[in-house]
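Student: 3D model of this:
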Amino acid sequence: MAGGTSLTFPEQSANVESQAHPKSTGNGDKPSRQPHPRPHLSSVAAHEPEKILANILDPNLDIQPGYHAYFATLKNCQQLFGLLTGEAGASLTFKLPDATTRTLRRDEITDLKSTGLSLMPEGLETTLTPQDLADLIHFLRQPAP
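Tutor: Numbers count the residues shown, from 1 in each chain. Take a look at the predicted model:
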C-alpha cells in the first residue's frame, strides 16, 4: 500500500476502492447522497480504527439508513436482491449489487421483504491476514483524494 492509492489483496484479486466502496466521485466532487449499493467511504476516514474493524467483522452491526437489503419476488418467479432506492405511486426502484437500477411496477411484485442485512458480505476477514486488515483500516481512514 505504501506509495499507492489502491489496496489489493491477491486472494480476492479485487481493488478495494473500486470493487467494495468508492471513496470519491473521481473528479473531486463529494459523493452523491443517493443510496449506492457500495456506499461511499469518505465519511469513514473519521471513524476510530476499532469501529471500522467491528464493522468489517460484523457488517450488519451498524447499517446506515437506505442500505438495508431487500428481496423482491416477482410474478414471473424471478427474485431481485438490492437496495430500495425509489418509490412512486405505481412503482419501486431497486439498485442491484452490480450498480444497475431496475424499476418495477408494484403489480409485478408478489412479495417484498427487508432482509435487515447489509449488502457487505459476512466473512471478509477470513480472506485477509492480520496485516491485510491493518492495511485496509489504514487505507479506509485516509481522506478521499
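Student: contacting residues around Leu117?
Tutor: Leu117 sits next to Pro59, Asn60, Ile63, His68, Ala69 when contact means C-beta atoms under 8 Å, 6 or more residues apart in numbering. From N, CA and C alone the C-beta is placed, and that goes for glycine too.
Student: So the fourth one sits against Gly116, correct?
Tutor: Yes: with contacts defined as C-beta atoms under 8 Å, His68 counts as touching Gly116 at a distance of 6.3 Å.
Student: the more surrounded of those two?
Tutor: Between His68 and Gly116, counting by other C-beta atoms under 10 Å, His68 is the more crowded of the two (17 against 10).
Student: so what's that one closest to, chain neighbours aside?
Tutor: Using C-beta to C-beta, 6 or more residues apart in numbering and skipping the chain neighbours, the partner closest in space to His68 is Ser114 (5.3 Å).
Student: model confidence over stretch 84-93, on average?
Tutor: Average pLDDT, stretch 84-93: 93.
Student: Could you list the buried residues of it?
Tutor: Leu84, Thr85, Leu92 (16 or more other C-beta atoms under 10 Å).
Student: List just the nearest of those to Asp135.
Tutor: The shortest approach to Asp135 among the buried residues of stretch 84-93 belongs to Thr85, at 32.0 Å (C-beta to C-beta).
Student: name the element that closest one belongs to?
Tutor: Counting by DSSP states H and E, the element that carries Thr85 is strand 79-88.
Student: So what are the sheet partners of that strand and their directions?
Tutor: Its sheet considered, strand 79-88 pairs with strand 69-74 (antiparallel), strand 91-95 (antiparallel) by DSSP bridges.
Student: With distance to Leu80 added, can I get these in CSV?
Tutor: Below are the strands paired with strand 79-88 laid out as CSV (distance: least, C-beta to C-beta, whole Å):
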stretch, distance to Leu80
strand 69-74, 4
strand 91-95, 6
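Student: now the strands: where do they sit in this structure?
Tutor: 8-9, 14-15, 69-74, 79-88, 91-95, 101-105, 109-114 (DSSP state E).
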